[in-house]
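Asker: One predicted model, sequence on top.
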Amino acid sequence: MLSALSNILKIPELRQKVVFTLAMFLVFRAGTHVPVPGVDASTIEQLFTQGNLFGLLDLFSGGALSKFSVFAMSITPYINASIIMTLLTVVVPKLEQWSKEGEEGRKKITQITRYGTVVLGFVQAVGMALGLKAAIINPSVGSILLVALTLTAGTTFLMWLGEQITEKGIGNGISLIIFAGIVSRLPDGINVIFQYLKAGTISYFNVVLFLIIALAMVIFVIAIQQGQRRIPVQYAKRVVGRKMYGGHSSHIPLKVNQAGVIPIIFASSVLMFPVTIAQFIDVEWVKTAAGWFAWGTALNTTLYALLIVFFTYFYTAVTLNISDMAENMKKYGGFIPGLRPGKPTADYLDRVMTRITLVGAVFLAFIAVLPNVVVWATNIQGVYFGGTALLIVVGVALDTMKQIESLILMRHYQGFMK
């Protein structure tokens, strides 16, 4: 590992990219400590210690929301806008046409995504300002608007920061910002475990068991994230002009977890809806019904797993067009050995994808409910491990390592992976 790191320092271009990325991380972490003006921070802290909806939202925001800093909304509006644009690309013909136009089309879609981020960010910021109205020192219309504009500006700045990292640094900037937010909570988690040990709430056996589960799950997530079913494809020889093309073998890599973390985000959003409504309706039976959907209850956990399985199949079907894949193979003279091109190939690919998506869906459901299992097995509460955070950290780390690997190998140095 030390020799691999020294190879990075030997390449001036790569060294500059690494330094720039680390500098942007410092800017991001500094921004998380800049408070929103006109807000009482102590009131916010009390809301988050009650273990209600606000604590759950802080869980997904990487801890920035509990400080109510200018980056409190993190990059969530951008993620939502990107998901909406991905779904609209399948439905709206103009967007589908742009997605097939290469770099120019992607620039147009990116520009619309930016505008959508600002709009969604402002709507979410207004909702947060109204929901946390009790924490605003002077809850007038001007103060609420100031809070909303500050939060929207923070999200917009993070979007710009992520694009700068993508352009001048290493890896996907938006993903790395989320990665940095999640990893930054690691020292707090270690401190919580240390305080539990000091108070005698848990034993060293609980800590060792927690570490074993954590290590096993990281290895398991890496195996599933990298897992794929390779469908062999043979290309027939064809003559175009005076040149001959084809005559080689290849494969179609069908990923086990094709949907990524999107199903978990969708499922958590749906389950948080009744709890969110109950926060603003002071009716006893509504609050009782919302309590059934509280985080960690049996009903919540069961519905969470079922919704993740459903959204995994839904998002995979939306983003992976089997018919187009089979048609493109046929157009370029490709075929799966033993199958005719066209509909038989599409049916076969659809059948294979349905089976491996089931494995990916069960995997995502298990990862999502893992925090409840960890708490039950180790009795360590207040340390979040699993779900979206684990998938993002492992996925971003793997993608960034691959990019560094390719940059190193381009200059004939030995990379990370052997």
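Answerer: Nice, I can see it.

Asker: The closest residue to residue 75 other than its chain neighbours: which element?
Answerer: Excluding its sequence neighbours, the residue lying closest to residue 75 (CB to CB, 6 or more residues apart in numbering) is residue 158, at 5.1 Å. To be clear about C-beta, it is placed using only N, CA and C from the backbone, and glycine gets the same treatment. Taking DSSP states H and E as the definition, residue 158 sits inside helix 141-168.

Asker: before we move on, back to that, show me what contacts the residue nearest to residue 75?
Answerer: Contacts for residue 158 (CB atoms under 8 Å, 6 or more residues apart in numbering) come out as 28, 31, 71, 74, 75, 78, 177.

Asker: any idea of the pLDDT on it?
Answerer: Residue 158 carries a pLDDT value of 90.

Asker: cool, and the one 3 residues further on?
Answerer: pLDDT for residue 161: 91.

Asker: Distance check, it against residue 120.
Answerer: For residue 161, the distance to residue 120 equals 18 Å [CB to CB, to the nearest Å].

Asker: now swap in residue 182 and tell me
Answerer: On the measure of CB to CB, residue 182 and residue 120 end up 21 Å apart.

Asker: got it, and residue 157?
Answerer: Counting by CB to CB - residue 157 and residue 120 are separated by 15 Å.

Asker: Residue 78 against residue 155, yeah?
Answerer: Yes: contact criterion CB atoms under 8 Å: residue 78 and residue 155 qualify, at 7.1 Å.

Asker: residues shared between the contacts of these two?
Answerer: 117, 121.

Asker: quick one on the thing from earlier: and residue 157 and residue 120? Which one has more around it.
Answerer: With neighbours defined as other CB atoms under 10 Å, residue 157 and residue 120 compare such that residue 120 has more, 20 against 15.

Asker: can you tell me which residues contact the more buried one?
Answerer: 77, 80, 81.

Asker: Where is pLDDT lowest across those residues?
Answerer: Where pLDDT dips furthest among the contacts of residue 120: residue 80, at 81.

Asker: got the phi/psi numbers for it?
Answerer: phi -60, psi -40 (degrees, to the nearest 10).

Asker: Figure out the helix or strand that the nearest residue to it once chain neighbours are set aside lives in.
Answerer: Residue nearest to residue 80 in three dimensions, not counting chain neighbours: residue 120, with 5.5 Å by CB to CB, 6+ apart. Applying DSSP H and E as the criterion places residue 120 in helix 103-131.

Asker: Show me what counts as buried in that helix.
Answerer: Neighbour-count burial for helix 103-131, counted by 16 or more other CB atoms under 10 Å, picks out 109, 113-114, 116-118, 120-122, 124-126, 128-129, 131.

Asker: got it, and stretch 257-270?
Answerer: 257, 258, 259, 260, 261, 262, 263, 264, 265, 266, 267, 268.

Asker: Can you name the two of those residues that sit furthest apart?
Answerer: The most widely separated members of the buried residues of stretch 257-270, counting by CB to CB, are 258 and 268 (19.3 Å).

Asker: What is the longest helix of this structure by residue count?
Answerer: Across the chain, the longest stretch assigned as helix under DSSP state H is helix 343-378.

Asker: roughly how far is it from the heart of the chain?
Answerer: Distance of helix 343-378 from the chain centroid (CA atoms, centre = their mean, to the nearest Å) equals 17 Å.

Asker: Which helix or strand lies directly C-terminal to that helix?
Answerer: helix 387-409.

Asker: contacting residues for residue 327?
Answerer: Here residue 327 is in contact with 342, 346 (CB under 8 Å, 6+ apart).

Asker: so who does residue 190 touch?
Answerer: Contacts of residue 190 by CB under 8 Å, 6+ apart: none found.

Asker: pLDDT at it, what is it?
Answerer: 80.

Asker: what does residue 127 give?
Answerer: With respect to pLDDT, residue 127 scores 80.

Asker: Could you do residue 55 as well?
Answerer: Confidence score, pLDDT, at residue 55: 51.

Asker: still on that earlier bit, quick one: the helix holding residue 120 to chain centroid distance?
Answerer: For helix 103-131, the distance to the chain centre is 17 Å (CA atoms, centre = their mean).
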